[in-house]
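J.: model this:
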Amino acid sequence: MSAPPALQIREANAHLAAVHRRAAELEARLDAAERTMHAQAEHLALHDQHLRAALDELGSAKDREIATLQEQLKTSEATVHSLQAAVQQRDELIRQLQHRAELLQDICRHRPPLAGLLAALAEAEHLGPLPASNPSRPPPGGPGPPLANSTGEEADSDHLQPAVFGTTV
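T.: Numbers count the residues shown, from 1 in each chain. As a prediction, the model looks like this:
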């Protein structure tokens, strides 16, 4: 077998050198890609940690806010119940006062006639008893025969008592 010509050897060597350079270049790119990928993985892991910590903090803040709002709700409900009880008490007081107001209005409506009656009774008390007169002879224009009891019972004239005007007020 004969030796390959020098040109073929040079071309083969040049080709091998080019393949070797290409392999070295690809290995360098692979190393760079692996470093980039590793850096990105670390960055993503760190970012993931930060996001998880932020999510945990948000969850804790949400839980605290829920607890605060539940406490406020309980306080508000207690206030509402207290106010409802106060409203019921006042409604009951209003009902009682309305009844009393109606009674006072009735009293006020009846006051003028009662005042007139009391004035007439007071005047009658000031008149005093009639002067003594002769029982056999009635005074002119004076009273007639004694009146019967208005209860419908037969009244014995000996048991009649003289009328006395007075007030208890």
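J.: Look up which helix or strand the residue nearest the centre of the chain falls in, please.
T.: Taking Cα atoms, centre = their mean, the centroid of the chain lies closest to Val80, which sits 3.5 Å from it. Take DSSP states H and E as the rule and Val80 turns out to sit in helix 6-127.
J.: Repeat that for Pro129.
T.: Per DSSP H and E, Pro129 falls between elements, in no helix or strand.
J.: tell me what the helix holding Val80 is packed against?
T.: Helices and strands touching helix 6-127, by 3 or more Cβ pairs under 8 Å, 6 or more residues apart in numbering; DSSP states H and E: there are none. All C-beta spots, glycine's among them, are computed from the backbone N, C-alpha and C.
J.: what pLDDT, on average, does it get?
T.: The average pLDDT within helix 6-127 is 95.
J.: Pull the distance from it to the chain's centre.
T.: Centroid separation for helix 6-127 versus its chain: 20 Å, with Cα atoms, centre = their mean, to the nearest Å.
J.: how far away is the residue nearest to the centre of the chain from Ala86?
T.: Distance, Val80 to Ala86, by Cβ to Cβ, to the nearest Å: 11 Å.
J.: again, but for Glu34
T.: Relative to Ala86, and taking Cβ to Cβ, Glu34 is found at 76 Å.
J.: ok, now Leu114?
T.: Leu114 sits 40 Å away from Ala86, going by Cβ to Cβ.
J.: Please report the distance of Ala18 from Ala12.
T.: Counting by Cβ to Cβ, the gap from Ala18 to Ala12 is 11 Å.
J.: And Glu123, by the same measure?
T.: Distance from Glu123 to Ala12, counting by Cβ to Cβ: 158 Å.
J.: same deal with Ala119?
T.: Counting by Cβ to Cβ - Ala119 and Ala12 are separated by 152 Å.
J.: just Gln40 next, same as before
T.: Counting by Cβ to Cβ, the gap from Gln40 to Ala12 is 41 Å.
J.: do Leu127 as well
T.: 164 Å.
J.: who's more crowded, those two?
T.: A side-by-side neighbour count of Leu127 and Ala12, using other Cβ atoms under 10 Å, places Ala12 first with 11 against 8.
J.: Let me know the secondary structure of the residue nearest to that one when sequence neighbours are not counted.
T.: Closest residue in space to Ala12, ignoring its immediate chain neighbours: Pro4 at 7.8 Å, by Cβ to Cβ, 6 or more residues apart in numbering. Recorded secondary structure, Pro4: coil (DSSP: H, G, I helix; E, B strand; the rest coil).
J.: Lovely, talk soon.
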